[in-house]
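Asker: Provided below for reference: sequence and predicted model.
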Amino acid sequence: MSEQDTAGGGRDDEAARRARAREHIARGEHGAAWAALHPLWRNLSAHDDRTPGCLCGACLKPEVGALEHQGMRFERRFGAACEKVLWFWLPTSLTGRQDEIVARVDADLAARYGAQNEDDEDYDDEDGDDE
Ligand SMILES: [Zn+2]
């Protein structure tokens, strides 16, 4: 499990890896999508035991790409940038807008982590005010 990929850097590599994972998702290969990202990219999803299907590093089940909760159905998607990945559950009512939503998560992560040239890791604005 400690295998380090020598092709671990570069934006092109990152974009290609992200695209590959999304192709897996489009085919319903959720375990493969997770595996395309997992060893190299850090899972940013916070632990959440209030809702089922926690997506944090400890709880995420790679092969589970969908769940139902309170009569709604969700599919697992992710945003990724800067070698970080944020998994989330997308209600199927929003599937038609998923490209837009996923692209926004990508952009948010890139904005949060991409421009940091210094190691100011204290910056952490997780107040969820994205209404
Ligand atoms: Zn968890």
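Answerer: Okay, I see it.
Asker: could you point out which element follows the helix ranked longest in the chain?
Answerer: Looking across the chain with DSSP state H, the single longest helix is helix 11-26. As assigned by DSSP states H and E, the chain's next helix or strand after helix 11-26 is helix 30-37.
Asker: could I get the buried residue list for that following helix?
Answerer: His30, Ala32, Ala33, Trp34, Ala36, Leu37 (16 or more other Cβ atoms under 10 Å). (Each C-beta comes from the backbone N, C-alpha and C, glycine too.)
Asker: now swap in stretch 79-90 and tell me
Answerer: Buried positions in stretch 79-90, judged by neighbour count with 16+ other Cβ under 10 Å: Gly79, Ala80, Ala81, Cys82, Glu83, Lys84, Val85, Leu86, Trp87, Trp89, Leu90.
Asker: now for the second one: which residues touch it?
Answerer: Under the criterion of Cβ atoms under 8 Å, 6 or more residues apart in numbering, the contact list for Ala80 reads Glu14, Arg18, Ala21, Leu37, Trp41, Leu86, Asp106, Leu109.
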